[in-house]
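K.L.:
A predicted structure for the sequence below; I have some questions about it.
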Amino acid sequence: MKTSKFSESQICSILKAQESGVKVAEICRTHGISAATFYKLRSRYGGMDASMLKRVKELEQENARLKRMYADVQLEATAMKEALTKKW
């Protein structure tokens, strides 16, 4: 999974700037992001503070790790099942 180039505090400051009345085009120009990126950040992290945002990112990383672990276990189980069904 691609990681964000912005930290939690930077994302919060970007979203708070828009809430304070700064135009989206101005925010995108100053931070070097596209409007689509801004709206994606807003839909994903809108209404969160920095601590909540950090917790969400930690949970996403843990979820990705658990998915990889599950895929490895399933691969091993499939290999064992195939090995047991072969006639020697």
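P.N.:
Done, it's in. Computed from a predicted model, the values in this text were never measured in an experiment. Numbering: from 1, shown residues only.
K.L.:
what ranges do the strands span in this protein?
P.N.:
Taking DSSP state E as the test, none of the chain falls into strands.
K.L.:
least trustworthy helix or strand in it by mean pLDDT?
P.N.:
Ranking every helix and strand in the chain by mean pLDDT, DSSP states H and E puts helix 8-19 at the bottom, with a mean of 87.
K.L.:
what stretches of this structure score poorly on pLDDT?
P.N.:
Scanning the chain for pLDDT under 70 picks out the ranges 1-3, 88.
K.L.:
hang on, isn't Ser4 packed against Ile11?
P.N.:
Yes - assessed by CB atoms under 8 Å, Ser4 is found in contact with Ile11 at 7.3 Å. To be clear about C-beta, it is placed using only N, CA and C from the backbone, and glycine gets the same treatment.
K.L.:
So for those two, which sits in the more crowded spot?
P.N.:
With neighbours defined as other CB atoms under 10 Å, Ser4 and Ile11 compare such that Ile11 has more, 20 against 13.
K.L.:
ok now do the more buried one, which residues does it touch?
P.N.:
By CB atoms under 8 Å, 6 or more residues apart in numbering, the contact set of Ile11 is 4, 41, 45, 53.
K.L.:
please redo it, this time with the cut-off set to 7 Å
P.N.:
By CB atoms under 7 Å, 6 or more residues apart in numbering, Ile11 lies in contact with 41, 45, 53.
K.L.:
Please apply the same query to Ala83.
P.N.:
Contacts of Ala83 (CB under 7 Å, 6+ apart): none.
K.L.:
quick revisit: identify each buried residue in the least confident helix or strand of the chain, please.
P.N.:
8, 11-12, 14-15, 17-18 (16 or more other CB atoms under 10 Å).
K.L.:
between the residues you listed, which is nearest Lys57?
P.N.:
Of all the buried residues of helix 8-19, Lys57 sits closest to Glu8, with 6.8 Å by CB to CB.
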